[in-house]
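K.L.:
could you work out the structure for the sequence below:
(2 chains)
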Amino acid sequence: MTDTPATPARQSLRDWLQAPTASSPRQARAQAFWRGWQRLIANRAALAGLIVLVLLVAMAVIGPYLTPYSPLQQDLTARLQPPSAQHWLGTDDLGRDILTRILYGARITLMMALLVAAIAGPIGLAVGATAGYLGGWFDIVAMRLVDVFLSFPSLILALAFVAALGPGIENAVIAISLSAWPPIARLARAEALTVRKSDYIAAARLQGASSMRLILKHVMPICLPSVVVRVTLNMAGIILTAAGLGFLGLGAQPPSPEWGAMLASGRQFMLTSWWLAATPGAAIMLVSLAFNLLGDGLRDVLDPRND
Amino acid sequence: MGGQVFRTVVSVSVTILGLLALTFFIGRLLPLDPVLAILGDDASQEAYDRMVVKLGLDKPLWEQFVTYVWNSLQFDFGTSLTSGRPVAEDILRVFPATLELATVAMILGTGLGIPLGVVAAANRDTWIDQVVRVVSLIGYSAPIFWLGLLGLTVFYAALGWVGPPGRIDIVFQYDLEVRTGLYLVDSAMAGRWDIFADVFSRIVLPASILAYGAMAYISRMTRSFMLEQLSQEYIIAAQAKGASRQSVIWRHAFPNIAVQLVTVVALSYAFLLEGAVLTETVFAWPGFGRYLTTALLRADMNAVLGCTMIVGLIFITLNLLSDVFYRVFDPRTR
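P.N.:
As a prediction, this is how the structure comes out:
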């Protein structure tokens, strides 16, 4: 490490992270995280996925400030213009700049995916970890419920929920979450089953920890890595389902620049102005590809059984 | 064995009951008043009350559920608000179109996916493996409706290699004697090769696009099953006794993953139904998926729930069949 001309503070951080023995729990955790990070970025595909996602988040945050156009402002004198220096991705049938709409659409897509992950992840984790740890009737009922939910393809189930709740972004998020938690619960349960009989759980129980505390503090953390991987891998599916709902007219509604809805309204111009539908579709694919790559990489890093 | 069968029967029955409970529950979530949905806003109070009684909405919830289960088990899903016919009859009418599409897609997806997966595993970490990986990753990641639109633009509009959207030319629509509902089979049986060519030119693109997703899944699973087998000791034994590489892969390793693959193929068949919903919309394919989306957009709840239930039942059946197949044909599970 002496040949890298780094600042003293940086070097000491690196030393701290690479010290052969950790001197505090905090350092041990930081070191474990650091090693995982090193392995993740050593995986080129995962790194590529991560870079795309970071760029996407950056675009979603600052993109709208970089473009002079509004995503909703119509300009009927500039309808259906092909990609040019002025409009990098062309304009749509109402003269709106497509690049601008895609940048704003990134916000919608990311928000929907994050909301679904934030709803379905914890529900799946809680139900699965509790069922796996407690066993008994709670386990039977919960897993039966999971089986029932899993006997539908997720899009079909989401469609049925949206049909009942009505179209719109919020309802689409609820519907996708309702169809996304069961596989996570099943996974968390399998993880919980592997530790429920372990000595450290028995030790904690002997110290008088309640079931609630055991599940929250000792079982859930064990389930967490595989749940994170699964949620990341599912992100791609969630984004495709959200876009599919938008495309069918059941998710985000026009004039919202949601990518699926943009694709649906660009569809009729496919033969004459291909860029209307081609560009949002490419954006959907890029993001879902990035999540798939990152998810694969995370699985390799976090799941030691794959070694 | 008897206990096993009993347990399976109980488990499937419970799942089906749960399925019914879930669709019943979804039906009650509806913020719309189902009575007003049928009668319109300016129905008289008297007509409203009569409809409430007719729909059984005055009865307690559990009684409504029992009636619902009883009717559903006899495939009575009520009347579609849009077509005015029983939902079950509608589904039966549109289903062959989807079955034909999914079957052609399945043949393509399996026919390509399995060899690709085997080849990728046999050439692990070489450029061949990487190419297969990238191709299947794209298949996982691309929105199927987008691929459909691009495909139509390139292969139909620009190159003219495939037929237009729709299942059959309007000229032939009433010319074809429908026996099985599968137009490829019907036209071949009737010896009408002109119709067969038209139907084939139209099914080829949507089926290929559906097949791409199935292929991605199948090749990935085949690769991982195959890698597991290739790391076993019997493979080393076969190599040591001088078996050729081809023989080791196809005669020694492959038969051991064949049964596992049947499960994968059965599952992807079920997932094709999901893909069909989006693909049929793009290709104006008059099948199950388009029936479902039309019903969704018109808030035709009976039709939506009927379709949802049918998909669930198909899913459960395919799972059950592949499970049984597994037990019967894989001696390792005994």
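K.L.:
ok, how many other residues are close to the closest residue in space to B:Gly148 that isn't next to it in sequence?
P.N.:
Leaving aside its sequence neighbours, B:Gly148 sits nearest to B:Val282 (C-beta to C-beta, 6 or more residues apart in numbering or on different chains; 3.7 Å). Heads up, the C-betas are built off the backbone N, CA and C, glycines and all. Here the number of neighbours of B:Val282 (other C-beta atoms under 10 Å in any protein chain shown) works out to 24.
K.L.:
for B:Val10, give me its contacts.
P.N.:
Contact criterion C-beta atoms under 8 Å, 6 or more residues apart in numbering or on different chains gives no residues in contact with B:Val10.
K.L.:
element containing it, please.
P.N.:
helix B:2-29 (DSSP states H and E).
K.L.:
buried residues, stretch B:55-70. List them.
P.N.:
Neighbour-count burial for stretch B:55-70 flags B:64-65, B:68 (criterion: 16 or more other C-beta atoms under 10 Å in any protein chain shown).
K.L.:
so which residues make contact with it?
P.N.:
Contacts of stretch B:55-70 (C-beta under 8 Å, 6+ apart): B:17, B:20-21, B:24, B:34-35, B:52.
K.L.:
cutoff 6 Å now
P.N.:
B:20, B:24, B:52 (C-beta atoms under 6 Å, 6 or more residues apart in numbering or on different chains).
K.L.:
can I get the CA coordinates of that stretch in PDB?
P.N.:
Extracted in PDB, the C-alpha atoms of stretch B:55-70 (Å, rounded to 0.1, in the frame of the first residue of the first chain):
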ATOM      1  CA  LEU B  55     -77.200 -10.600  -7.000                       C
ATOM      2  CA  GLY B  56     -77.600 -12.100  -3.500                       C
ATOM      3  CA  LEU B  57     -76.000  -9.000  -2.000                       C
ATOM      4  CA  ASP B  58     -78.600  -8.900   0.800                       C
ATOM      5  CA  LYS B  59     -77.400 -12.200   2.200                       C
ATOM      6  CA  PRO B  60     -74.700 -12.400   4.900                       C
ATOM      7  CA  LEU B  61     -71.100 -12.500   3.700                       C
ATOM      8  CA  TRP B  62     -70.400 -16.100   4.500                       C
ATOM      9  CA  GLU B  63     -73.500 -17.200   2.600                       C
ATOM     10  CA  GLN B  64     -72.400 -15.200  -0.400                       C
ATOM     11  CA  PHE B  65     -69.000 -16.900  -0.200                       C
ATOM     12  CA  VAL B  66     -70.500 -20.400  -0.100                       C
ATOM     13  CA  THR B  67     -72.700 -19.600  -3.100                       C
ATOM     14  CA  TYR B  68     -69.600 -18.200  -4.900                       C
ATOM     15  CA  VAL B  69     -67.500 -21.300  -4.200                       C
ATOM     16  CA  TRP B  70     -70.400 -23.600  -5.200                       C
END
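K.L.:
around chain A, pick out the residues from chain B.
P.N.:
B:15, B:18-19, B:22, B:26, B:29-30, B:137, B:140-143, B:145-146, B:149, B:153, B:157, B:271, B:274, B:278, B:293, B:296, B:304, B:308, B:311-312, B:315-316 (C-beta under 6 Å from any C-beta of the partner chain).
K.L.:
in ChimeraX, select just the buried ones from the residues you listed.
P.N.:
Only the buried members of the residues of chain B next to chain A enter the following ChimeraX selection, criterion being 16+ other C-beta under 10 Å:
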select /B:15,18,19,22,26,137,140,141,142,143,145,146,149,153,271,274,278,293,296,304,308,311,312,315,316
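K.L.:
sorry, back to before: how far out from the middle of the chain is the helix holding B:Val10?
P.N.:
20 Å (C-alpha atoms, centre = their mean, to the nearest Å).
K.L.:
my guess is A:Gly246 contacts A:Pro257, does it?
P.N.:
No: assessed by C-beta atoms under 6 Å, A:Gly246 is found out of contact with A:Pro257, at 10.3 Å.
K.L.:
among those two, which residue is more densely surrounded?
P.N.:
Applying other C-beta under 10 Å to A:Gly246 and A:Pro257 shows that A:Gly246 carries more neighbours, namely 30 against 24.
K.L.:
and the more buried one, what helix or strand is that in?
P.N.:
helix A:220-248.
K.L.:
right, and the helix or strand after that helix?
P.N.:
helix A:259-266.
K.L.:
output the contacting helices and strands for that following helix.
P.N.:
In this structure, helix A:259-266 packs against helix A:220-248, helix A:275-302, with contacts taken as 3 or more C-beta pairs under 6 Å, 6 or more residues apart in numbering or on different chains; DSSP states H and E.
K.L.:
among these, which is nearest chain B?
P.N.:
For the helices and strands packed on helix A:259-266, the distance to chain B is smallest for helix A:275-302, at 3.1 Å, taking C-beta to the nearest C-beta.
K.L.:
contacts only, for the closest residue to A:Gly266 other than its chain neighbours.
P.N.:
Once flanking residues are discounted, A:Gly266 sits nearest to A:Leu276: 3.0 Å by C-beta to C-beta, 6+ apart. Counting by C-beta under 6 Å, 6+ apart, A:Leu276 makes contact with A:92, A:266, A:269.
K.L.:
repeat that for 8 Å
P.N.:
For A:Leu276, the contacting residues are A:80, A:90, A:92-93, A:98, A:262, A:265-267, A:269-270, by C-beta under 8 Å, 6+ apart.
K.L.:
now list the buried members of those.
P.N.:
Buried members of those, scored by 16+ other C-beta under 10 Å, are A:90, A:92, A:98, A:262, A:265-267, A:269-270.
K.L.:
format those residues as CSV; extra columns: pLDDT and distance to A:Ser84.
P.N.:
Converted to CSV, the buried ones among the contacts of A:Leu276 look like this (pLDDT from 0 to 100; distance: C-beta to C-beta, whole Å):
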residue, pLDDT, distance to A:Ser84
A:Gly90, 81, 7
A:Asp92, 80, 14
A:Ile98, 84, 11
A:Met262, 90, 19
A:Ser265, 87, 21
A:Gly266, 85, 17
A:Arg267, 85, 22
A:Phe269, 83, 17
A:Met270, 79, 20
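K.L.:
just the closest of the residues you listed to chain B, please.
P.N.:
Using C-beta to the nearest C-beta, those come closest to chain B at A:Met270, 5.3 Å.
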